[in-house]
Each structure stands twice: as C-alpha cells, then as structure tokens.
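*Asks:* I'd like to go over a predicted model; first the sequence, then the structure.
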Amino acid sequence: MTYALIDNATLTAVQRIQGDITIKNTDTIDGDLVAFENLVQAILFYDELICIDNYKNEHSTSRKVSFDFIRFLEPDICNLSQAEAFAKSESSRLKPEIRGGKFADDDFKSFLEMIKMNIICTWDKRSSIYYLTMKLLGQPYTDEWSKYSQLSATIFNELSDVATTKGHWSEEITLVGSDGIPLTAETFNEKNSDLGGTTKALDMFVASLNWLAYKSIYYSASAKLLNADSFLHPIRHAFQIHWMKKSGAYGYDFTKRLIDSMSQSASDSIAEIKDYGRIVTTSFEAPIFSAWLVSESGSPAQVINAAKELKSTQPFLEIRGLLRQIRHAYDADSLKASNQLITKWSAELEKASTELKYLYGVKTNHGIPSSLIMNVFNSGAAITQSPKFPDFGFNLKKPEFMKSQLTKSFAHVYKSIASELTTVERLGGFRDYLSSSVKIDKDRVFSNQKVEDPKFQRYSSNWKRPM
C-alpha cells in the first residue's frame, strides 16, 4: 500500500472551492484551485490518503465527515507529539530578518527566491509617522503583479487555520537599516523619532511565514515517522525543499538540480527516474484532472467523488502499480545496480503520462494544461544520518491499517507553486467552471497590496524613505 499524507491546509482550500467555507479575498482562489487539483492527484495516484487530526475538538468531527474517504490519525494515539515538539523547536530557531528593505535571513530569503516572489520594504508615511511597509516589487497591473498578489494571498492564507489547528507562529522579526544599524522598539520610542515600526500587514506576513515553516517541518517529520509520502499544499513545497537541504537530507547540488527541474515547463519535461545515490527522484507530467472532472461531473462539489470513481479504472491501477514497483526496488536498493530497470520504468512512466494526457487532458487556447509532479524518495536510514533530522527516540504506534506496510522509505511530492498558478490561470473557461461554487463573504476585502516600481525602490520622497 502507498500512503499520501495530506495537510489540513489542502482540505480547507478544497472546502473553499466547494463553497463550504466563504472567502474574503478573491486573490486566494487560484491558490485554492492548485490545492484542489493536488488532492485529486493524491486520490488518483495513491492507494490510501491519511491526515493528522490536529484540528481542535469542536471542528474535528465535521472535517472527518466532509472527507470520509481519508483516514484521520490521532496524533496522541500515534505518538506524534514528539514530531510536534521537534517542529516547534526547529521553527522557533528561525529568525526572520529584514535588512535594507529585503528579507536577509537564510530561511525566508531562500523561500521567497524559490517561489520567485520579489519584495521590498520601505518606510511609508502615515499621519506624519513612517511605518515599515511591505511592497511587491514590479509593475502594477501586469501578469507578474497578478502572480505576486496570488502568491502573497496564498501565504497570508496560511493563518486561516490558526484558530482551528495547533501550531507555532510568531510576529517577531529583526530589523536592520541599510547602514547596518539595528532598529528596535527603543529606536521607535525615542522622543524625536518619526519611525513607527512595522505595519500590521507586515507583521501578519511574517507570522504566516513562521506558520508555513512550522507546518512544513512538522509534516516532513511526520512523513518520516509514518513512512508515508507528504502531499502538502504546494505553497509549502519550497520551504520543505529548503529545510530538507538545511537538515542535511539533500545536498547542495541535488537541491539545485531539483529546483531547476521544477522550474521547467511541464510540457518541456519528460517522465523519468533518476538515481542520486541515497536519493531517487521520479517525475512525470499529468493533465489537470480537476478541469476534466468538473466538465464531466457538472459541479465542483462532485469532482472529488468523480475522482474516487476514476481511481479504480485501468489506467490508474496500472500507474499506481508502476509507482509501487519503483518504491519497492528503491527499498531493496536494487535501483543502483540496474540502469536497465531505470530505463524500463522511465519509458513506462512516459507512456502512462502520455496516455493520461490523451484521455483526461482538456483543450484550451494554450494547448492542454498540465502539471509536473516530482517525487523525491529518501530512505529512513539516510535521513537518520543527517545532523538535524534526528532518529526519534520512541516507537511510533502505527494504526492497525498501516501495520502491514512493508515500505521502509518515504517521499516528498514537490511542485512549483508559481508554475501551478500560471497553469490555473491558463485554464480559461475551465477555471471559471471550477470556481463557480466559491462563496465570497459579504465583507470581502479587495487586494490592497502595495507595489513598488523597481526603478524607484531606492528613491526618497515626502511620503517614502528607503529602509
């Protein structure tokens, strides 16, 4: 059996698309559609879906009813509390820093660069006081600006589950001027100072990044303990990759190759298996199943049920069987000795990918949109050797249905959130169909994300100062 570990952020996004939860900012819709497709792919490509039930008691029952096809694991019974403590400890070590207007700490700087989100912070005047204000660096009302707004809204959405799930988040941040002088609360409280500190929007953005980091680490650790594949909301993938590199699980060269591969257009990629020694990757192109399913089923609310039916058809039985063979060969360490196996299965993956695209691809003005799915397999032994991803000193209490599991490895599924957002945007009428059940709150907010033209980022005026 293969297991996909789904996070609660994905399930919340699905409920927003189905109209079960209202939204206040329409910039979040495309990010939710990416997560919606992600869940559909998990249904089709895995035998079982599991989710950690870390929702608060008053919300847990309704979530289980809404997603009755997912097996929910109680963290206390499964002894996952130490994974939670580990994630809190690791995420509390993250120290966000803005220096000279840009994120300068290794963790969040790397994350923002990976998702191709350019940010500048400047002192903007309000009622004679200057507040540090976050802005998206780009030209207003361009495709680039639209992408930044969607990425920003998706990151802010990380806090949407704070009230219902457990976790760690913080608004703390280190501020350093371009002159190298730290800016503290004492600086802002000085009698003659006209600086008022950070805006609430910047505080919330930092809190969202911290929450995203905590959850990415928590699910990475849990995937290792459960020998399951993490299949998280794609906004979390970039930080997962950064943290796995930081933990020693991924080397620098491998991380660079992985990021470069994710940056390719899905249509320019080929299905393949690559052996990097202790790490093996598989990648293949898949059509946007949710677009095909909504056109066949007639409603976004019926897409999940339609996906569950499609799962039992021959093409998906075959590709799941192929993916199981690859995993078992990796567990047995037989891939290293067999280039013939890798060549054979790469060809079979390519053939399956082409067939799925032919059967379930939808035609738009931009051709047949597709998604590049990358699996990175890490054996439990390989991760245990790394200095910052410890071998937890306790026995995991696996639920009965997972006790017969034979696999020794786990994998992380990765996608480029920027590429996925572009793909959703190019769905055209299918995008409108998929978002037709979305309910917008009567107190909706319109995106008021500030934008800075790159050529003016270091200019001063009566209402703005560079940091």
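*Replies:* Nice, I can see it. Numbers count the residues shown, from 1 in each chain.

*Asks:* domains in this protein, by residue range?
*Replies:* If you go by automatic domain parsing, the domain ranges for the chain are 3-75+217-434, 89-209+447-466.

*Asks:* reformat those as CSV; add distance to Q82 and mean neighbour count.
*Replies:* In this view, the C-beta of every residue, glycine as well, is placed from N, C-alpha and C. Shown next, in CSV, are these (distance: least, CB to CB, whole Å; neighbours: other CB atoms under 10 Å):
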stretch, distance to Q82, mean neighbour count
domain 3-75+217-434, 6, 19
domain 89-209+447-466, 10, 17
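
*Asks:* can you redo those domains as JSON lines with distance to I440 and mean pLDDT?
*Replies:* Conversion of the domains of the chain to JSON lines gives the following (distance: least, CB to CB, whole Å; pLDDT from 0 to 100):
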{"stretch": "domain 3-75+217-434", "distance to I440": "6", "mean pLDDT": "83"}
{"stretch": "domain 89-209+447-466", "distance to I440": "13", "mean pLDDT": "86"}
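
*Asks:* wait, which of the ones you listed is closest to A83?
*Replies:* Checking those against A83 by CB to CB gives domain 3-75+217-434 as the closest, at 4.3 Å.

*Asks:* mind putting the domains of the chain into JSON lines with distance to A83?
*Replies:* Formatted as JSON lines, the domains of the chain follow (distance: least, CB to CB, whole Å):
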{"stretch": "domain 3-75+217-434", "distance to A83": "4"}
{"stretch": "domain 89-209+447-466", "distance to A83": "11"}
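
*Asks:* which SSE is immediately downstream of whatever helix or strand R320 lives in?
*Replies:* Here R320 sits within helix 314-331, counting by DSSP states H and E. Sequence-wise, the next helix or strand downstream of helix 314-331 (DSSP H and E) is helix 339-360.

*Asks:* pull that next one out as CSV, backbone CA atoms only.
*Replies:* Taking C-alpha atoms only, helix 339-360 is exported to CSV below (Å, rounded to 0.1, in the frame of the first residue of the first chain):
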residue,chain,number,x,y,z
ASN,A,339,20.3,1.0,-15.1
GLN,A,340,18.1,-1.3,-17.2
LEU,A,341,15.3,-1.1,-14.6
ILE,A,342,15.5,2.7,-14.5
THR,A,343,15.4,2.9,-18.4
LYS,A,344,12.5,0.4,-18.5
TRP,A,345,10.4,2.2,-15.8
SER,A,346,11.2,5.7,-17.2
ALA,A,347,9.8,4.6,-20.6
GLU,A,348,6.7,3.1,-18.9
LEU,A,349,6.2,6.4,-16.9
GLU,A,350,6.4,8.4,-20.1
LYS,A,351,3.9,6.1,-21.8
ALA,A,352,1.5,6.3,-18.9
SER,A,353,1.9,10.1,-18.7
THR,A,354,1.1,10.4,-22.5
GLU,A,355,-1.9,8.2,-22.2
LEU,A,356,-3.3,10.1,-19.2
LYS,A,357,-2.9,13.4,-21.1
TYR,A,358,-4.7,11.9,-24.1
LEU,A,359,-7.6,10.6,-22.0
TYR,A,360,-8.1,13.3,-19.5
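
*Asks:* what are the ranges of the strands in the stretch 201-350 of the chain?
*Replies:* Here the stretch 201-350 of the chain has its strands, by DSSP state E, counting those that start in this stretch, at 229-231, 272-275, 279-287.

*Asks:* can you tell me which residues contact the nearest residue to E296 once chain neighbours are set aside?
*Replies:* Among residues not flanking E296 along the chain, A306 sits closest, at 6.4 Å (CB to CB, 6 or more residues apart in numbering). By CB atoms under 8 Å, 6 or more residues apart in numbering, the residues touching A306 are 293, 296-297.

*Asks:* show me those residues that map onto helices.
*Replies:* Of the contacts of A306, the ones assigned to helices by DSSP state H are 293, 296-297.

*Asks:* which among the residues you listed gets closest to K363?
*Replies:* E296 (14.3 Å).

*Asks:* any idea how far the closest one is from L209?
*Replies:* Relative to L209, E296 is positioned 39 Å away (CB to CB, to the nearest Å).

*Asks:* can you check L5 too?
*Replies:* L5 is 22 Å from L209, by CB to CB.

*Asks:* check which element follows the helix or strand harbouring A153 along the chain.
*Replies:* Under the criterion of DSSP H and E, A153 resides in helix 143-156. Going down the chain from helix 143-156, the next helix or strand is strand 174-176, by DSSP H and E.

*Asks:* take the contacts of A306 and lay them out in CSV including distance to F69.
*Replies:* CSV is the format used below for the contacts of A306 (distance: CB to CB, whole Å):
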residue, distance to F69
L293, 15
E296, 19
S297, 16
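
*Asks:* before we move on, the earlier item: between the strands of the stretch 201-350 of the chain, which one is closest to N38.
*Replies:* It is, among the strands of the stretch 201-350 of the chain and with distance given as CB to CB, strand 229-231, at 6.7 Å.

*Asks:* contact partners of that closest one?
*Replies:* So strand 229-231 is contacted by 2-7, 10, 38, 41-42, 46, 49, 219-220, 222-223, 240, 375, 410-413 (CB under 8 Å, 6+ apart).

*Asks:* if we use 6 Å, what do you get?
*Replies:* 4-6, 42, 219, 223, 411-413 (CB atoms under 6 Å, 6 or more residues apart in numbering).

*Asks:* repeat for stretch 368-377
*Replies:* Under the contact criterion CB under 6 Å, 6+ apart, stretch 368-377 has outside partners 266, 269, 280-288, 330, 361, 409, 411-414, 423, 426-427.
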